[in-house]
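Visitor: fold the following and give me the result.
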Amino acid sequence: MALPAPMVATVGDIPGLRPRRVRGDGGEVPAADVDLIDALEAAAWSTVAAWLRAGKAVTTRRARLADLAAFCRWLEAELPGLDLLAVTEDHLTHYRDGIGTGTARAGLSRPGVALAPATVARRLSNLSSLYGYAVRRRVLAANPADPVERPEVSTVGTTPARTAEEATALIDGAETISAAYPADAAAVALLSVCAVRVGELVSLTVSSVAVDAGHTVILFRRKGGKTDRTPVPPRVRALLEPLLEGRAPGEPLFVREDGRPFDRWRATTALRRAASVAGVDFTRLTPHTARATAATAALDAGVPLADVQELLGHASPVTTQRYNRGRRKLDSHAAYRMASILGGGA
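Guide: Model (predicted):
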């Protein structure tokens with residue numbers, strides 16, 4: 001059997017997977033995850049490293065690494081000594097049930113707290129991808145994850161959306177802080193108006209902002225590696241301008257005050273700064289909340305589903321439909337009509 005040749009000495013050498021050992025060292029993923037994978041047996045390591053490198057987008061590689069590291073921790077706790085390539089369907093079914101009920105001894109985000117069905121399904125999907133890759137490379141004869149049933153995933157999104165009024169206030173707050181924190185202000189605008197993913201935002205460079213057919217656009221890689229462009233409205237363009245002046249094309253567009261590039265946590269700080277000055281509650285306000293708010297507000301305002309799908313960069317309209325849960329839909333819900341029918345109560 002010829003093992004895959006990932007052409008790296010450690011998975012930390014794979015683009016996008018540089019280990020973060022101390023805060024501010026430029027690392028992109030937890031060093032503990034890299035070290036855990038690097039400690040695998042030679043055949044498993046070679047297969048995993050090649051599979052990680054095969055991911056087209058940095059976000060894909062990082063998700064794969066995180067999910068596999070969680071599974072390896074579970075494997076060490078539940079079945080010590082079992083090689084990653086010796087895992088069976090029964091082992092994976094046991095893993096699914098453990099993380100889905102919160103009874104697993106390892107591999108959970110918080111001990112004792114069950115993972116959401118969507119997270120369980122994603123982890124199983126990534127493991128199936130790994131074992132499918134091993135089959136394709138003739139390392140394994142069959143994929144043990146194929147027959148494992150995935151949990152049903154709700155068709156309604158779970159990220160809480162804010163109101164359109166709060167989203168408007170956030171943009172006002174971004175403009176208020178723009179003089180002191182120009183990068184924060186521009187990040188808030190792109191997250192709230194253009195609904196970019198935080199991974200897409202932090203990967204932008206100065207040259208990502210361009211002019212096309214008379215429109216200012218941002219050029220970026222979508223989840224999955226597809227290159228896309230999104231027009232930037234004038235109000236957002238005004239907040240981007242200070243980040244472009246006198247800077248080289250290849251520089252990261254969003255950098256902290258000390259010159260380090262933004263990450264998802266710094267983007268959250270930007271949102272909360274804008275929210276604070278605008279009087280918006282910033283509890284649980286994250287980049288994904290801003291994206292969910294933009295999607296819900298657009299659908300609520302009657303923007304066609306196909307147009308919102310294009311804004312969000314979803315491959316399927318079914319994914320976009322998960323955000324169709326805005327205030328108008330709730331306002332007209334039959335539960336309120338039943339309350340009126342049964343006694344006029346609110």
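Visitor: show me where the stretch 151-300 of the chain has its strands.
Guide: With DSSP state E, counting those that start in this stretch as the criterion, the stretch 151-300 of the chain has strands at 209-212, 215-221, 227-231.
Visitor: most neighbours per residue, which of the ones you listed?
Guide: Highest mean neighbour count among the strands of the stretch 151-300 of the chain (mean count of other CB atoms under 10 Å): strand 215-221, with a mean of 18. In short, each C-beta sits where N, CA and C put it, glycine included.
Visitor: mind giving me the domain split of this structure?
Guide: Per the record, the chain has its domains at 11-136, 164-331, by automatic domain parsing.
Visitor: picking up where we left off before, got CSV for the strands of the stretch 151-300 of the chain, with mean pLDDT and distance to residue 72 too?
Guide: Formatted as CSV, the strands of the stretch 151-300 of the chain follow (pLDDT from 0 to 100; distance: least, CB to CB, whole Å):
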stretch, mean pLDDT, distance to residue 72
strand 209-212, 91, 40
strand 215-221, 89, 28
strand 227-231, 87, 33
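Visitor: of these, which is nearest residue 203?
Guide: strand 215-221 (6.5 Å; CB to CB).
Visitor: residue 139 touches residue 42, doesn't it?
Guide: No - here residue 139 does not reach residue 42: they are 11.5 Å apart, not a contact under CB atoms under 8 Å.
Visitor: of the two, who's got more company?
Guide: residue 139 (19 against 8; other CB atoms under 10 Å).
Visitor: neighbours around the residue nearest to that one when sequence neighbours are not counted, how many?
Guide: For residue 139, ignoring the flanking residues on the chain, the nearest one in space by CB to CB, 6 or more residues apart in numbering is residue 47 at 5.2 Å. By other CB under 10 Å, the residues close to residue 47 number 24.
Visitor: measure residue 47 to residue 23 for me?
Guide: 32 Å (CB to CB, to the nearest Å).
Visitor: now residue 15
Guide: Residue 15 is 22 Å from residue 23, by CB to CB.
Visitor: between these two, tell me which one has more neighbours.
Guide: residue 15 (11 against 7).
Visitor: quick check, pLDDT for the more buried one.
Guide: Looking at residue 15, its pLDDT stands at 93.
Visitor: go on, residue 161?
Guide: 84.
Visitor: you'd agree it is up against residue 293?
Guide: Yes - using CB under 8 Å, residue 161 is in contact with residue 293, at 4.6 Å.
Visitor: quick revisit: with distance to residue 149 added, can I get the domains of the chain in a markdown table?
Guide: Formatted as a markdown table, the domains of the chain follow (distance: least, CB to CB, whole Å):
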| stretch | distance to residue 149 |
| --- | --- |
| domain 11-136 | 8 |
| domain 164-331 | 20 |
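Visitor: off-centre distance for stretch 64-81?
Guide: 21 Å (CA atoms, centre = their mean, to the nearest Å).
Visitor: extract the CA atoms of that stretch and return them as PDB.
Guide: Output of stretch 64-81 as PDB, limited to C-alpha atoms (Å, rounded to 0.1, in the frame of the first residue of the first chain):
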ATOM      1  CA  ARG A  64     -11.700  19.500   9.300                       C
ATOM      2  CA  LEU A  65      -8.800  19.800  11.800                       C
ATOM      3  CA  ALA A  66     -11.100  20.900  14.600                       C
ATOM      4  CA  ASP A  67     -13.600  18.100  14.100                       C
ATOM      5  CA  LEU A  68     -11.000  15.400  13.700                       C
ATOM      6  CA  ALA A  69      -9.100  16.600  16.800                       C
ATOM      7  CA  ALA A  70     -12.300  16.400  18.800                       C
ATOM      8  CA  PHE A  71     -12.900  12.900  17.500                       C
ATOM      9  CA  CYS A  72      -9.300  11.800  18.400                       C
ATOM     10  CA  ARG A  73      -9.700  13.100  21.900                       C
ATOM     11  CA  TRP A  74     -12.900  11.100  22.200                       C
ATOM     12  CA  LEU A  75     -11.100   8.100  20.800                       C
ATOM     13  CA  GLU A  76      -8.300   8.400  23.400                       C
ATOM     14  CA  ALA A  77     -10.800   8.600  26.300                       C
ATOM     15  CA  GLU A  78     -13.200   5.900  25.200                       C
ATOM     16  CA  LEU A  79     -11.100   3.500  23.200                       C
ATOM     17  CA  PRO A  80      -7.400   4.000  24.200                       C
ATOM     18  CA  GLY A  81      -4.900   2.500  21.800                       C
END
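Visitor: for residue 255, which non-adjacent residue is closest in space?
Guide: residue 261 is the one closest to residue 255 (CB to CB, 6+ apart), at 5.6 Å.
Visitor: ok, now which ones touch that neighbour?
Guide: 202, 252, 254, 255 (CB atoms under 8 Å, 6 or more residues apart in numbering).
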